[in-house]
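Participant: structure, please.
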Amino acid sequence: MRTALVVHAHPDDEVFATGAATSVLHDQGWHVVLRVATAGMHGAADHLTASCALLGIDEWDWLGADGAAKPAGGGGRWIDDGGLNGPQTPAAADPAELAAEIETAVQVIEPELILTVGRDGLTGHPDHIAISQAVERALQHVHCRALGARVRAQDVRAGEQLVQQLAPGQRVGSGHIKGCEAPLEEISGASEQRRRQALDEYYDGLGSKPLEELIGVHRSSSDGLLLRAVFDATGWQHDRFEELTAWPSDAPLSR
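Facilitator: Modelled structure (predicted):
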C-alpha cells in the first residue's frame, strides 16, 4: 500500500491546505498519515479526529510522537500563539530540531509522498513557513517526494472579489495570501460536502453556511474567510501544489 505523510503546523491546516488531496489519495487506496506540530489555539484534538475521518486521513498524531522526545501532556510539542512568533512556536524552533522530527517521522512511516504547505506558507503564517522549510531540510537526508500546497494568484483575486461584493470598502484578508503565478500540480476529485463538513468541525458554519451569512460573524480581514471565498469561487474539490523536491515523479497522483 502506498503511504502519504501529511505535515502541518496547526489543526485545521489539513482542511484548508490539503483537504481535497488527502481525500483523493485515500479513495485511490493510499494510507494517509498526519503529523501536527501544535494543538492549535483552542486545543482542537477532538475536532482534528473528526476532520481526519471526513478527509480520508487514516491516522494522526503530534509531530515528535515518532521519536524519543514525546510531546508533553499529550498535546503538540510546540504551541500556536496566533502568529506572534513566541518562543515555543514552530516559527521560533531550532530549524534543525524541527527538521529532525520530520525526518524521524519519515523514517518510521516510510511514505512515498509528503504533503505540506508551500514555501509561502499558503497564508504567510510564520509557523506554516517553518514547517515547509523543515520538510525541505529533512529531505536532504531522506529520499521522498514532497509537495507544498499553494493557491493560484488568480484564485485569490476571485475570492477577494466575492468578499468585496458582500463587504464593500472593507479590508479583505490579512494581505499575506498572495497566491502563485507559476504552474502548479493539481489533485482533484474530492467530495465538496465532506471538506465543508471538516471545516465546520473547527468553525461553526464556515464550511456550510452561505458566504453572505458569514460576513459580520467572521471579520472580512480573516484569512479563513478569504480561503472559504476562494473555495467558493474556484471549487472545493481540488488542491494545487508546488514541488518541494528535486526529483518529481512522472506518475500522476490522481486520476
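Participant: and the helices in the stretch 151-255 of the chain?
Facilitator: 153-166, 192-200, 211-214, 223-234 (DSSP state H, counting those that start in this stretch).
Participant: distance to residue 14 added to the ones you listed, as a markdown table?
Facilitator: In short, each C-beta sits where N, CA and C put it, glycine included. Conversion of those to a markdown table gives the following (distance: least, CB to CB, whole Å):
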| stretch | distance to residue 14 |
| --- | --- |
| helix 153-166 | 19 |
| helix 192-200 | 8 |
| helix 211-214 | 21 |
| helix 223-234 | 13 |
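Participant: deepest of those, which one?
Facilitator: Neighbour counts averaged per stretch over the helices of the stretch 151-255 of the chain are highest for helix 223-234, at a mean of 22; criterion: mean count of other CB atoms under 10 Å.
Participant: so, low pLDDT: which residues of this protein?
Facilitator: Low-confidence regions of the chain, defined here as pLDDT under 70, cover residues 41-44, 68-75, 83, 246-255.
Participant: now the strands for it?
Facilitator: Counting by DSSP state E, residue ranges of the strands within the chain are 3-8, 31-36, 59-62, 113-117, 145-150, 185-188, 238-243.
Participant: reformat the ones you listed as a markdown table; add mean neighbour count and distance to residue 104.
Facilitator: Shown next, in a markdown table, are these (neighbours: other CB atoms under 10 Å; distance: least, CB to CB, whole Å):
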| stretch | mean neighbour count | distance to residue 104 |
| --- | --- | --- |
| strand 3-8 | 25 | 11 |
| strand 31-36 | 25 | 10 |
| strand 59-62 | 17 | 12 |
| strand 113-117 | 26 | 13 |
| strand 145-150 | 25 | 16 |
| strand 185-188 | 18 | 26 |
| strand 238-243 | 20 | 23 |
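Participant: look up how far residue 30 lies from residue 152.
Facilitator: Note on residue 152: its distance to residue 30, by CB to CB, to the nearest Å, is 25 Å.
Participant: compare the two (neighbour count), which wins?
Facilitator: residue 30 (21 against 18; other CB atoms under 10 Å).
Participant: so who does that one touch?
Facilitator: Listed by CB atoms under 8 Å, 6 or more residues apart in numbering, the contact set of residue 30 reads 1, 2, 3, 4, 113.
Participant: which residues touch the residue of the chain most remote from its centre?
Facilitator: Most distant from the centre of the chain: residue 169, at 29.6 Å, with distances by CA atoms, centre = their mean. By CB under 8 Å, 6+ apart, the contact list for residue 169 is empty.
Participant: could you measure from it over to residue 220?
Facilitator: The value you get for residue 169 to residue 220, if CB to CB is used, is 10 Å.
Participant: residue 185 too?
Facilitator: With the distance defined as CB to CB, residue 185 ends up 31 Å from residue 220.
Participant: can you add distance to residue 160 and give the strands of the chain back as TSV?
Facilitator: Listed next are the strands of the chain as TSV, based on distance: least, CB to CB, whole Å:
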stretch	distance to residue 160
strand 3-8	24
strand 31-36	29
strand 59-62	32
strand 113-117	20
strand 145-150	16
strand 185-188	21
strand 238-243	17
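Participant: so which of those comes closest to residue 139?
Facilitator: strand 145-150 (5.8 Å; CB to CB).
Participant: gap between that closest one and the chain center?
Facilitator: Centroid displacement of strand 145-150 relative to its chain, using CA atoms, centre = their mean, to the nearest Å, is 10 Å.
Participant: what of stretch 195-207?
Facilitator: From the chain centre to the centre of stretch 195-207 is a distance of 15 Å (CA atoms, centre = their mean).
Participant: what is the end-to-end distance of it?
Facilitator: The first residue of stretch 195-207 is 8 Å away from its last residue (CA to CA, to the nearest Å).
Participant: one more: stretch 145-158?
Facilitator: End-to-end distance for stretch 145-158, by CA to CA: 31 Å.
Participant: what about the residue farthest from the centre of the chain, distance to residue 163?
Facilitator: Taken as CB to CB, the spacing of residue 169 relative to residue 163 amounts to 11 Å.
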